[in-house]
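[1] Coordinates only, no sequence provided:
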């Protein structure tokens, strides 16, 4: 995923919206993001992977549910 470093991840409107939602709602989970942002499931899951890979969000497990929060090193 070298291309991640060639441009700003948050230039993508969906990715930016997902990241903003996570920053405002730490500990949120994919289904909640899908419901609250009205972004499709596949798009949300794809961009969560991108944000994780870029180090902008962190993920933890709560039982079987992945919960996301903004990573401490993320500046945006």
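    Great, that's in hand. Note that the coordinates shown come from a computational prediction; the quantities given were computed from them, not determined experimentally.

[2] For this protein, give me the ranges with low pLDDT.
    1-7, 73-76 (pLDDT under 70).

[3] Which parts of this protein are strands?
    57-62, 65-70 (DSSP state E).

[4] out of these, nearest to residue 32?
    The closest of the strands of the chain to residue 32 is strand 65-70. By Cβ to Cβ, the value is 9.4 Å. Where C-beta positions appear, they are placed from N, C-alpha and C, glycine not excepted.

[5] quick one: contacts of that closest one?
    With contacts defined as Cβ atoms under 8 Å, 6 or more residues apart in numbering, strand 65-70 is touched by 19, 22-23, 26-30, 33, 48, 51, 56-61.

[6] what's the distance between residue 66 and residue 24?
    Going from residue 66 to residue 24 by Cβ to Cβ, to the nearest Å gives 18 Å.

[7] more crowded one of the two?
    residue 66 (15 against 10; other Cβ atoms under 10 Å).

[8] Okay, and the beta partners of that one?
    residue 61 (DSSP bridges).

[9] tell me the contacts of the residue nearest the centre of the chain?
    By Cα atoms, centre = their mean, the chain has its centre lying nearest to residue 48, at 3.8 Å. Applying Cβ under 8 Å, 6+ apart to residue 48 gives the contacts 18, 30, 33, 57, 59, 68.

[10] Now flag whichever of those residues is closest to residue 41.
    Nearest member of these to residue 41, counting by Cβ to Cβ, is residue 30, at 7.6 Å.

[11] Can you give me every residue that contacts that closest one?
    41, 44-45, 48, 66, 68.

[12] And for residue 52?
    Residue 52 touches 58-59, counting by Cβ under 8 Å, 6+ apart.

[13] Perfect, that will be all.
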